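K.L.:
Sequence first, predicted coordinates after that:
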Amino acid sequence: MTQEQWVRLVEEDEQGHVVSLVLQREAARNAISVEMARQVAEAARDLAARPALRAVVLRSSREDAFCVGADLKERARASTADLLAARDTNRAAYGGVLALPVPVVAAVRGYALGGGCELALSCDLLVGDAGTVIGLPEVGVGLLPGGGGTQLAVRRLGWGRAADLVLTARRCDGEEAYRLGLLDRLAERGRVVEEALDLARLLASRSPRAVRLAKQAMRDGAHRPLPEALEVEDAAWRQVVGGADRVEGIAAFVEKRDPAWEDAG
């Protein structure tokens, strides 16, 4: 039997440079079932293989819910053995978004709880508004964040702020999330998707090869000792310095025109 499609990819420009990964399990407010996790992982693999891709927006088809987390109704029927068997599939969903080689912008409208918060944290930049409600409530139901939340929250927020969210299971509204650094941009209410797409298009206007390598260097070097991290940066710099985009970028700047970049692939 054909599975219902709860994830789709939307081309946001004619060149395929900006693509939206849209969560659309609307009846369940995008609660992540095992099948939905499989579809997210599959979509991420598709995107990672696109050489023309320059930026991704992760968003929901619902205005009131980005993703409310794991499908607890499904999990209530599952045995421990079932949950362990599904573990790799679930990890592949979060890991697939985290591993995308281009910048990923999360358009966080409405509720982003548990696994939904973790999907957002797997992105590079998070856009929300005052109506965003975000948190990691897992310890309140006898679990802990298992989609990267315990690690990504600490890396983004620092120990104290991350502990305050993870260990209390409390929720933040959009304004508090922005103050904490959980959201990177606070849009006008109702304009989250538009601002996320504008940001993605700005990212796509930069050198695609340089952006990919800069993201890789930042991710690879972030938690190494500084001397090692500077070597990571140097290796990435050496890959771009002799490239066509450097020549084109400087020429475009001197000639006061938009650069014509090569695709990263």
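P.N.:
Yep, that arrived.

K.L.:
so where's the chain uncertain?
P.N.:
1-2, 263-265 (pLDDT under 70).

K.L.:
Domains in the protein, by residue range?
P.N.:
For the chain, the structural domains run 7-204, 208-255, going by automatic domain parsing.

K.L.:
Turn those into a markdown table, including mean neighbour count and distance to E262.
P.N.:
All C-beta atoms are positioned from the backbone trio N, CA, C, and that covers glycine. What follows is the domains of the chain, written out as a markdown table (neighbours: other CB atoms under 10 Å; distance: least, CB to CB, whole Å):
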| stretch | mean neighbour count | distance to E262 |
| --- | --- | --- |
| domain 7-204 | 20 | 10 |
| domain 208-255 | 14 | 5 |
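
K.L.:
Reformat the ones you listed into TSV and put distance to W261 next to each item.
P.N.:
TSV is the format used below for the domains of the chain (distance: least, CB to CB, whole Å):
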stretch	distance to W261
domain 7-204	9
domain 208-255	6
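
K.L.:
Just the residues contacting stretch 153-165, thanks.
P.N.:
Counting contacts by CB atoms under 8 Å, 6 or more residues apart in numbering, the residues outside stretch 153-165 that touch it are 121, 135-136, 145, 150, 166, 170, 172, 180-182, 222-223.

K.L.:
Straight-line length of stretch 172-188, end to end?
P.N.:
17 Å (CA to CA, to the nearest Å).

K.L.:
no, scratch that, I was asking about stretch 115-132
P.N.:
End-to-end distance of stretch 115-132 (CA to CA): 15 Å.

K.L.:
And for stretch 130-138?
P.N.:
Distance between the two ends of stretch 130-138: 23 Å, counting by CA to CA.

K.L.:
ditto for stretch 102-122
P.N.:
Distance across stretch 102-122, first residue to last, is 12 Å (CA to CA).

K.L.:
quick one: the helices in the stretch 101-250 of the chain?
P.N.:
Under the criterion DSSP state H, counting those that start in this stretch, helices of the stretch 101-250 of the chain are mapped to 115-121, 149-157, 159-166, 174-180, 192-204, 208-221, 226-241, 244-255.

K.L.:
Need those helices in CSV (columns: distance to L21).
P.N.:
As requested, the helices of the stretch 101-250 of the chain are exported to CSV (distance: least, CB to CB, whole Å):
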stretch, distance to L21
helix 115-121, 10
helix 149-157, 18
helix 159-166, 25
helix 174-180, 21
helix 192-204, 11
helix 208-221, 17
helix 226-241, 26
helix 244-255, 26
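
K.L.:
For A106, find the nearest of those helices.
P.N.:
The closest of the helices of the stretch 101-250 of the chain to A106 is helix 115-121. By CB to CB, the value is 4.2 Å.

K.L.:
Please work out which residues outside the closest one touch it.
P.N.:
Outside helix 115-121, the residues that touch it by CB under 8 Å, 6+ apart are 30, 32, 40, 58, 65-70, 90, 93-94, 97, 106, 108, 112, 126, 134-136, 145, 147-149, 152-153, 156.

K.L.:
Pull the distance from stretch 103-122 to the chain's centre.
P.N.:
On the basis of CA atoms, centre = their mean, to the nearest Å, stretch 103-122 is displaced by 7 Å from the centre of the chain it belongs to.

K.L.:
on that earlier part again, wait, which of the contacts of stretch 153-165 is closest to E194?
P.N.:
L182 (20.5 Å).

K.L.:
Provide a list of residues in contact with that closest one.
P.N.:
Shown here is L182, whose contacts under the criterion CB under 8 Å, 6+ apart are 126, 134, 156-157, 165, 172.
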